[in-house]
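# sharing a sequence plus its predicted fold:
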Amino acid sequence: MMLLLDAGNTRIKWSVTDSGAEPGAWLAEGGFEHAEAAAALPAVLAAHPGIDRVLGANVAGPAVRALLEAPLAAAGLPVEWLTVTAARAGVRNAYTVPGQLGADRWAALIGARRLHRGPCLVVCAGTATTADLLDADGLFRGGIILPGVDLMLRALAGNTAQLPLADGHFRDTPRSTVDAIVSGCLHAQAGAVERMFAQISGQPGALCLLSGGAAGRFAELLELPLRRIDNLVLIGLATLAPGAPGQA
């Protein structure tokens, strides 16, 4: 069995899968905060004693990496961290410096290629929102990064004198300050995604793959062909494991 880890800026998502299983066919999955790693990881290992391999993507920095590696090393399980290259698993990386692309975005693109062979916009909505263009031939053309929904809300609260940390709701025509703040932030997310998707909207089979913990905040606002995917980064990691269906 394999343990897959997606170490993001706020949380660590994980899944357990059988080697050679279809990516996304998890035996178990979950998540925990960075500071919970010392207790959470041993609990996962104890619940799944057959784990003999660990694959991970980390964008949370060396301190979080060390938090994850320590309990796994104590169990005799080194982590195979994903490194970003110019090409892998049918995806080609058009970044000017390929290694500067985040490992989470790289894994998500690989997962997207596994799930959809047509042109797609790969959107991951978390602490930050990313929207990456992937052509039908597997070329990652580039993408954008913008603050996630909560970051936008906190930025308004922290940098203006009279705008609160909003606990409002989306409205087409907001008539209160808290609703205006929430609606503006959600419009910003949806608008950025739709503008990126417009670059491929005329291509046959074009699709937006939407993943991430904040995806549900603005998914219903999007007016484009859409498929919601849970844990796209983990699907990409599973795709990379030798023997996985679709591995190349």
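Thanks, I have it.
# pairing partners for the lengthiest strand in the chain, with directions?
Longest among the strand segments of the chain by residue count, using DSSP state E, is strand 139-147. Sheet pairing of strand 139-147 (DSSP bridges) gives strand 91-93 (parallel), strand 128-134 (antiparallel).
# mind listing what's buried along that strand?
Using 16 or more other CB atoms under 10 Å as the test for burial, strand 139-147 gives F140, G143, P147. Glycine gets a C-beta too; all of them are placed from N, C-alpha and C.
# secondary structure class of L4, three-state.
Secondary structure assignment for L4 (DSSP: H, G, I helix; E, B strand; the rest coil): strand.
# next up, the contacts around it.
Going by CB atoms under 8 Å, 6 or more residues apart in numbering, L4 touches W14, S15, V16, T17, V54, L55, G56, L234, L237, A238.
# A43 too?
Going by CB under 8 Å, 6+ apart, A43 touches no other residue.
# that one and N58: what is the separation?
For A43, the distance to N58 equals 20 Å [CB to CB, to the nearest Å].
# returning to that earlier point: so of the contacts of L4, which ones are in strands?
Counting by DSSP E, the part of these found in strands is W14, S15, V16, T17, V54, L55, G56.
# any idea how far V44 is from the second one?
Yep, that's S15 we're talking about. 10 Å.
# okay, now the domains of this structure?
According to automatic domain parsing, the chain is divided into the following domains: 2-81, 87-231.
# which residues are in contact with A37?
Counting by CB under 8 Å, 6+ apart, A37 touches I12, V64, L67, L68, P71.
# could you check how many residues crowd around the last one?
The one in question is P71. 18 (other CB atoms under 10 Å).
# quick check: it is in a helix.
Yes - looking at P71 with three-state DSSP, it is inside a helix.
# so what's it up against?
By CB under 8 Å, 6+ apart, P71 lies in contact with A37, A38, L41, P42, L45.
# what sits against the fourth one?
The neighbours of P42, taking CB under 8 Å, 6+ apart as the test, are P71, A74, A75.
# ok, and the closest non-adjacent residue to the most centrally placed residue in the chain?
Note on the chain: the residue nearest the mean C-alpha position is C124, at 4.5 Å, using CA atoms, centre = their mean. Distances taken as CB to CB, 6 or more residues apart in numbering place G212 nearest to C124, at 4.5 Å, with adjacent residues excluded.
# what pLDDT does that neighbour get?
On pLDDT, G212 comes in at 94.
# how much space between it and A21?
Taking CB to CB as the criterion, G212 is separated from A21 by 23 Å.
# okay, these two: which has more neighbours?
Between G212 and A21, counting by other CB under 10 Å, G212 is the more crowded of the two (26 against 17).
# surely that one is in contact with T127?
No - using CB atoms under 8 Å, G212 is not in contact with T127; the gap is 9.2 Å.
# where are the low-confidence patches of the chain?
Across the chain, the ranges flagged by pLDDT under 70 are 160-166, 242-248.
# that older thread, need the buried ones from the contacts of L4 selected in PyMOL.
Here is the PyMOL selection string for the buried members of the contacts of L4, based on 16+ other CB under 10 Å:
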select buried, resi 14+15+16+17+54+55+56+234+237+238
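# the chain: strands as residue ranges?
Using DSSP E, strands in the chain cover 2-7, 11-17, 28-33, 53-58, 79-81, 87-88, 91-93, 120-125, 128-134, 139-147, 207-211, 226-228.
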